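Trainee: Below is the sequence, then the predicted model.
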Amino acid sequence: MVKKNPKANSSELSRTVENNWEELNEETKEKYEEMGRKDEERYQNQLKSAQKKLNADSERMQDDMPSRKKKKTALASNQGLIDKMLLSQQQRIKANQQAASESSDIPTMDVSFSLIGLERMIETQNEARFVAIYS
């Protein structure tokens, strides 16, 4: 149908097929319906076979994999440890600030620092050295 009328849209093709079907005699229709039933039966058998194979493969893979036990995590019990760590950080910061204020004869200054910034700076320097060497 598509080869005969390549510019036809799907609704036009459907009408053409429907008209051709209506023009067929009962014996020919029965032949095509029987082919359709056999094809449906073949499809269902292949589907069942594929599902059985898939299930068997899945079970075999699960048997081959080592069993993994879920780790038990107790969030409530770790919360005390986290609180203690945070509190100790805050206490250290306060102690450092107090020590800095008590020793006013030594000038101090806060410097922001991050590892990412350090990595970027080193990377930039390495690139500059590479350019200087190979230019």
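Mentor: Cool, the structure landed.
Trainee: Can you find the helix or strand in this protein with the smallest mean pLDDT?
Mentor: helix 75-102 (a mean of 75; mean pLDDT, DSSP states H and E).
Trainee: List the buried residues in it.
Mentor: By neighbour count on 16 or more other CB atoms under 10 Å, the buried set for helix 75-102 is empty. Where C-beta positions appear, they are placed from N, C-alpha and C, glycine not excepted.
Trainee: Show the pLDDT at the residue sitting nearest the centre point of the chain.
Mentor: Geometric centre of the chain, nearest residue: residue 58, 20.9 Å, by CA atoms, centre = their mean. Per-residue pLDDT puts residue 58 at 79.
Trainee: so it is in which element?
Mentor: According to DSSP states H and E, residue 58 maps onto helix 26-64.
Trainee: Please apply the same query to residue 11.
Mentor: helix 10-23.
Trainee: tell me the angle that helix makes with helix 26-64.
Mentor: 120 degrees (axes from the mean of the first three to the mean of the last three CA atoms, to 10 degrees).
Trainee: Let me see the mean pLDDT of helix 10-23.
Mentor: 89.
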